[in-house]
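K.L.:
after the sequence you'll find the predicted model.
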Amino acid sequence: MSTTLPSAGGDGHRTLALSAFAATYMQAVNISLPNAALPHIQGALSMATDEVGWVFSSYIAASAVVMSVANWLAGRFGRKTVYQMSLAVFALALLLDTLATSSVQFVLARVLQGAASGPLAPLSLAILLETRPPAQHARINLIWSLCFLIGISSGPGIGGWLSEYYGWRSIFYVSLPATALVMVVTALLLREKRAERSKPFDFFGLATFSLGMIGLQMLLDRSERLEWFASTEIWIEAGASVLGFYLFIVHVLTTKTHFLRTALFKDRNLVLSTVISFALGFVLLPTLALTSPMLEELLNYPVDTTGFMTIPRGVALVGTVVMTSLVPAQIDYRPFMLGGMALVVYANWMMLGYSPQMDWQAVVQTGVLQGVGLGMLIPALGKAAFGTLDPKLRPEGSALLNLSRLYGSTIGIAVVQIFFYNNTQAMHAALARDLTPYRAAAHVVGSIGAPGLAALNELVTQQAAVVAVIGQFEILMFAILVVSPLVLLLRKPRPAN
């Protein structure tokens, strides 16, 4: 049985729309909220440096997997039921985050939180579209996207300020009242809606794809600690990843029903846009994951200050998205994509000039440039992806773009961590190798005693870490540079689209 939204009048629809925006914001802000608070979380939970990436990747990966099945769950069990269950589990996970006493407990709580957040964004958008007439759907889509971007951009600033003055657990407590309010509003105003006939869902395809991605993610996250293929665990994770992707590809090629229709991959613009979206995700969150720890741990900025230093990047990103979205559809989007990519590459190139002697203005300047570039790229990428796509395939195409961006972020965080640790060790060896008995400096070192040697080693380690972090921005720069030629292969949109 299918029912529609209540005829509660404009006030009821506005209240329901605001609650849907709030749910979208909560899902997004909790991705980046722990970013500036990482030093406090690490200290409280005795979290190793190579485990920091799990704070982000566990949430994003779990969210991406459940997001894939969100619409089927809503059709099968009812949208209101799934929405409220997601909110309830999300609130429970927030509490578990605050109760964690070890890194394992915290990461497991983040996995649960990410899984619960998966249905929130797509179902919130569905609710928003039903509260407004079709003529306003494009505007609603834009506002919903901005809400998501504002959430990711504002997370470090809010998290840094709260953790500095109220403790790191407060960054999770703060979402509880908003979650409870959204639950109350949806309980009162949202009517149940489910599909007349539940469509079959390709769980085997989702399971094999998830196995491949999770195996790859675990391999990248754990490989440095376990010395790569010297560990049995890494072999198991590599085998699981290869097996998962192999079964997924065979399944897609040999069956008629799969959770991503093959018709999607026949549209050249969508395929190319998906690859570019992956690169976009590879840069979007890993930049935050690198910048805040560098400022706090290596350059000794206060936690709240590092959070606030990311705000100009977010303001530039959101403001540019708004302005770019106002460009008439008749204007070719490809120059905007190339211009945005050029700005992102230039900003990352400027980041290669970071040094311990720089002031906050250098970070803000590069952040604003990168924000403007990403703000030009994101709307143009959406126009490119859907400009030639059959309107019937747009919901699945949108899901594919979102998944590619999310997985790009998780893989990007893991990759920059791997290179960071390798480069730190290499730079430490390079800086320390001159301290030999044949150098005059070595005789000074020999006279300062054990405390002096420890201080000198700490200084060398810090310098090596600074050089290693700065080197990771080169990887992010090349991630965009490599996919930029794909823009030239994009077709112009059809006038009807």
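P.N.:
Noted; the coordinates are in hand.
K.L.:
and Ser355, what does it touch?
P.N.:
Val466 (CB atoms under 8 Å, 6 or more residues apart in numbering). For every residue, glycine as well, the C-beta is placed using N, CA and C.
K.L.:
tell me the secondary structure at it.
P.N.:
Assigned with DSSP: H, G, I helix; E, B strand; the rest coil, Ser355 falls in the coil class.
K.L.:
backbone torsions only: list them for it.
P.N.:
Backbone torsions of Ser355, given as degrees, to the nearest 10, read phi -150, psi 160.
K.L.:
how much space between it and Trp72?
P.N.:
The gap separating Ser355 from Trp72 is 51 Å, by CB to CB, to the nearest Å.
K.L.:
could you do Asn402 as well?
P.N.:
Look at Asn402 and Trp72: by CB to CB, they are 16 Å apart.
K.L.:
for Gly471, same thing?
P.N.:
As for Gly471, its distance to Trp72 is 43 Å (criterion: CB to CB).
K.L.:
Ala230: neighbour count?
P.N.:
Here the count is done by other CB atoms under 10 Å, and Ala230 has 9 residues near it.
K.L.:
helix or strand with the lowest mean pLDDT in this protein?
P.N.:
None of the helices or strands of the chain scores lower by mean pLDDT, DSSP states H and E than helix 440-446, at a mean of 53.
K.L.:
low pLDDT regions in the stretch 201-350 of the chain?
P.N.:
Residues of the stretch 201-350 of the chain that meet the criterion pLDDT under 70 lie in 224-226, 257-259, 298, 329.
K.L.:
just the helices in it please.
P.N.:
Taking DSSP state H, counting those that start in this stretch, the helices of the stretch 201-350 of the chain run over residues 203-222, 232-254, 268-293, 303-309, 311-325, 334-351.
K.L.:
same list (those) but as a markdown table, adding mean neighbour count and distance to Met85.
P.N.:
Output for the helices of the stretch 201-350 of the chain, formatted as a markdown table (neighbours: other CB atoms under 10 Å; distance: least, CB to CB, whole Å):
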| stretch | mean neighbour count | distance to Met85 |
| --- | --- | --- |
| helix 203-222 | 20 | 19 |
| helix 232-254 | 15 | 27 |
| helix 268-293 | 23 | 27 |
| helix 303-309 | 22 | 32 |
| helix 311-325 | 20 | 31 |
| helix 334-351 | 21 | 38 |
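K.L.:
could you dump those helices into CSV and include distance to Ser484?
P.N.:
Compiled in CSV, those are given as follows (distance: least, CB to CB, whole Å):
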stretch, distance to Ser484
helix 203-222, 24
helix 232-254, 26
helix 268-293, 9
helix 303-309, 28
helix 311-325, 17
helix 334-351, 5
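K.L.:
among the ones you listed, which is nearest Tyr165?
P.N.:
helix 303-309 (7.3 Å; CB to CB).
K.L.:
contacts for the closest one?
P.N.:
Taking CB under 8 Å, 6+ apart as the rule, helix 303-309 contacts 35-37, 39-40, 156-161, 163-165, 291-292, 295-296, 301, 360, 363-364, 367.
K.L.:
and it, C-alpha only, in PDB?
P.N.:
Coordinates of each C-alpha in helix 303-309 appear next as PDB, following Å, rounded to 0.1, in the frame of the first residue of the first chain:
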ATOM      1  CA  VAL A 303      43.300  22.500  18.000                       C
ATOM      2  CA  ASP A 304      40.600  25.200  17.700                       C
ATOM      3  CA  THR A 305      42.800  27.400  15.500                       C
ATOM      4  CA  THR A 306      43.400  24.500  13.000                       C
ATOM      5  CA  GLY A 307      39.700  23.900  12.800                       C
ATOM      6  CA  PHE A 308      39.000  27.600  12.100                       C
ATOM      7  CA  MET A 309      41.700  27.700   9.400                       C
END
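K.L.:
from the chain's centroid, how far away is it?
P.N.:
For helix 303-309, the separation from the chain centroid amounts to 19 Å (computed by CA atoms, centre = their mean, to the nearest Å).
K.L.:
repeat that for stretch 297-306.
P.N.:
Mean-position distance between stretch 297-306 and its chain equals 22 Å (CA atoms, centre = their mean).
K.L.:
measure it end to end?
P.N.:
End-to-end span of stretch 297-306 (CA to CA, to the nearest Å): 11 Å.
K.L.:
so what's Asp332 closest to, chain neighbours aside?
P.N.:
Excluding the flanking residues, the one nearest Asp332 by CB to CB, 6 or more residues apart in numbering is Lys492, at 6.5 Å.
K.L.:
tell me how many other residues crowd that neighbour.
P.N.:
Per other CB under 10 Å, the neighbour tally for Lys492 reads 12.
K.L.:
and it, how far from Phe172?
P.N.:
Taking CB to CB, one finds Lys492 at 46 Å from Phe172.
K.L.:
over to Ser57?
P.N.:
Distance, Ser57 to Phe172, by CB to CB: 18 Å.
K.L.:
which of these two has more neighbours?
P.N.:
Ranked by neighbour count (other CB under 10 Å), Ser57 and Phe172 place Ser57 first, with 29 against 25.
K.L.:
any idea which element the more buried one lies in?
P.N.:
Ser57 is located in helix 54-77, with elements delineated by DSSP states H and E.
K.L.:
CA-only coordinates of that helix, as PDB, when you get a sec.
P.N.:
What follows is helix 54-77, C-alpha atoms only, in PDB (Å, rounded to 0.1, in the frame of the first residue of the first chain):
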ATOM      1  CA  TRP A  54      40.300   4.500  10.300                       C
ATOM      2  CA  VAL A  55      38.400   7.300  12.000                       C
ATOM      3  CA  PHE A  56      37.300   8.500   8.500                       C
ATOM      4  CA  SER A  57      37.500   5.400   6.300                       C
ATOM      5  CA  SER A  58      35.400   3.200   8.600                       C
ATOM      6  CA  TYR A  59      32.500   5.700   8.600                       C
ATOM      7  CA  ILE A  60      32.700   6.500   4.900                       C
ATOM      8  CA  ALA A  61      33.000   2.800   3.800                       C
ATOM      9  CA  ALA A  62      30.100   1.600   6.000                       C
ATOM     10  CA  SER A  63      28.000   4.500   4.800                       C
ATOM     11  CA  ALA A  64      28.700   3.800   1.100                       C
ATOM     12  CA  VAL A  65      27.700   0.100   1.500                       C
ATOM     13  CA  VAL A  66      24.400   0.800   3.200                       C
ATOM     14  CA  MET A  67      23.600   3.700   1.000                       C
ATOM     15  CA  SER A  68      23.600   1.300  -2.000                       C
ATOM     16  CA  VAL A  69      20.700  -0.600  -0.500                       C
ATOM     17  CA  ALA A  70      18.800   2.300   1.100                       C
ATOM     18  CA  ASN A  71      16.100   2.700  -1.600                       C
ATOM     19  CA  TRP A  72      15.400  -1.100  -1.600                       C
ATOM     20  CA  LEU A  73      15.000  -1.100   2.200                       C
ATOM     21  CA  ALA A  74      12.600   1.800   2.000                       C
ATOM     22  CA  GLY A  75      10.500   0.100  -0.600                       C
ATOM     23  CA  ARG A  76      10.500  -3.200   1.300                       C
ATOM     24  CA  PHE A  77      10.000  -2.100   4.900                       C
END
